[in-house]
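**Q** prediction below, plus the sequence it came from.
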Amino acid sequence: MAKAIWNGKILAESDQCEVVEGNQYFPPDSLQGDYFEDSQTVTECAWKGTANYYHLRVDGQVNVDAAWCYRNPKEAASNIKDYVAFWRGVEVVD
C-alpha cells in the first residue's frame, strides 16, 4: 500500500497506484481532499498533456504546487487520468 505523507499527515493511500516515469500516481478516490487546493499552475508534457497542480495545506502550512494531475491526458497517458502525483518534499512510501 503506497502512502503520500507531508507534514505528518497522510495525503493519499492506495494499492491501486500507477507508476509513470518513477512517480506514483494515486487514484482520485484515495486522496484526503481537505488537504488539496487548486492552483493556477499548468505545465505541458509532450506525451502526457497538460498537468494541473494543487497546493497542499496541512496544519496551517502550505506546500505550493506540490501535487499534480492530468485531467485530460493524451491517449498514451489515459491510465493516469485524474490520478495525482507528488513532489516538493512529499514522502511517498510503499
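**A** Great, that's in hand.
**Q** which residues in this protein form helices?
**A** Defined through DSSP state H, the helices belonging to the chain form an empty list.
**Q** hmm, what's the outermost residue in it?
**A** Among the residues of the chain, the one whose C-alpha is farthest from the average of all C-alpha positions is Gly60, by Cα atoms, centre = their mean at 19.6 Å.
**Q** pull the contacting residues for it.
**A** Contacts of Gly60 were listed using Cβ atoms under 8 Å, 6 or more residues apart in numbering, and none were found. C-betas here are computed from N, CA, C, even on glycine.
**Q** the one 4 residues further on too?
**A** In this structure, Val64 makes contact with 39, 55, 88, judged by Cβ under 8 Å, 6+ apart.
**Q** right, and the second one touches Ala66 too?
**A** Yes. At 6.9 Å, His55 counts as touching Ala66 under the criterion of Cβ atoms under 8 Å.
**Q** can you put the contacts of Val64 in JSON lines and add pLDDT?
**A** JSON lines is the format used below for the contacts of Val64 (pLDDT from 0 to 100):
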{"residue": "Ser39", "pLDDT": "98"}
{"residue": "His55", "pLDDT": "98"}
{"residue": "Arg88", "pLDDT": "98"}
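**Q** what about His55 and Ala66, which has more around it?
**A** Of the pair His55 and Ala66, Ala66 is the one with more neighbours under other Cβ atoms under 10 Å, namely 22 against 17.
**Q** and the pLDDT at the more buried one?
**A** What the model reports for Ala66 is a pLDDT of 98.
**Q** ok, and the closest non-adjacent residue to Val19?
**A** Spatial nearest neighbour of Val19, excluding adjacent residues (Cβ to Cβ, 6 or more residues apart in numbering): Tyr25 at 7.3 Å.
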